[in-house]
Each structure stands twice: as structure tokens, then as C-alpha cells.
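> with the input below, show me the fold.
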Amino acid sequence: MMQTNVKIEETQAEFLKQYSQYGFRDKNELVREALNRLREDLEQISLRESAELYAEIYDQDADLQDLTESALLDLHE
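Just a heads-up that it's a prediction; the model follows:
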């Protein structure tokens, strides 16, 4: 694993000191889990925004709607 130094606020340092109360073996495990969860949350936000953009484009594009409908009909035949 890699090591890095980060500056955190006092309240964050106090939170880290309580790592065992949250079931973590050490502060490093807590930080790794927090970073993994943040990454997953950010990825979900990005996917949601992308889906909303695709839905908006689809709603505004009659040709795309026709193409989709045609493809769906072909699947059922």
C-alpha cells in the first residue's frame, strides 16, 4: 500500500480517534473505507447525471424515439 500525508481539521482528527467504535482495526482502515464510499457516491452521482442527460436528449429527439420503438418491435418479431 501507498502512504500519503493529508491535512485534516481537528474535528476530523477526533473522529479518526474513534475508529474502533465504528468497528475498524485502525485509522487507516477507516480512511480507506471512507475514500471508497466517497468514490462510489461520486460515481453514482455521475451515472445519475448521465442518465438524466440521456433521458432529456431522448425526450427531445423524435427520431431517436422512433428508432427505439422500431428496434423494440423488431425484438418482438
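
> now the lengthiest helix in the chain: mean pLDDT?
Longest helix in the chain by number of residues, with DSSP state H as the criterion: helix 27-60. When pLDDT is averaged over helix 27-60, the result is 97.

> and that helix, how far out from the chain's middle?
On the basis of Cα atoms, centre = their mean, to the nearest Å, helix 27-60 sits 2 Å off its chain's mean C-alpha point.

> which strands and helices sit next to it?
Counting by 3 or more Cβ pairs under 8 Å, 6 or more residues apart in numbering; DSSP states H and E, the packing neighbours recorded for helix 27-60 are helix 10-17, helix 62-76. In this view, the C-beta of every residue, glycine as well, is placed from N, C-alpha and C.

> who touches the last one?
Right, the one you point to is helix 62-76. Contacts of helix 62-76 with the rest of the structure, by Cβ atoms under 8 Å, 6 or more residues apart in numbering, involve 57-58.

> buried residues in that helix?
Along helix 62-76, not one residue counts as buried under the neighbour rule (16 or more other Cβ atoms under 10 Å).

> what angle do it and helix 27-60 make?
On the basis of axes from the mean of the first three to the mean of the last three Cα atoms, to 10 degrees, helix 62-76 is oriented at 100 degrees to helix 27-60.
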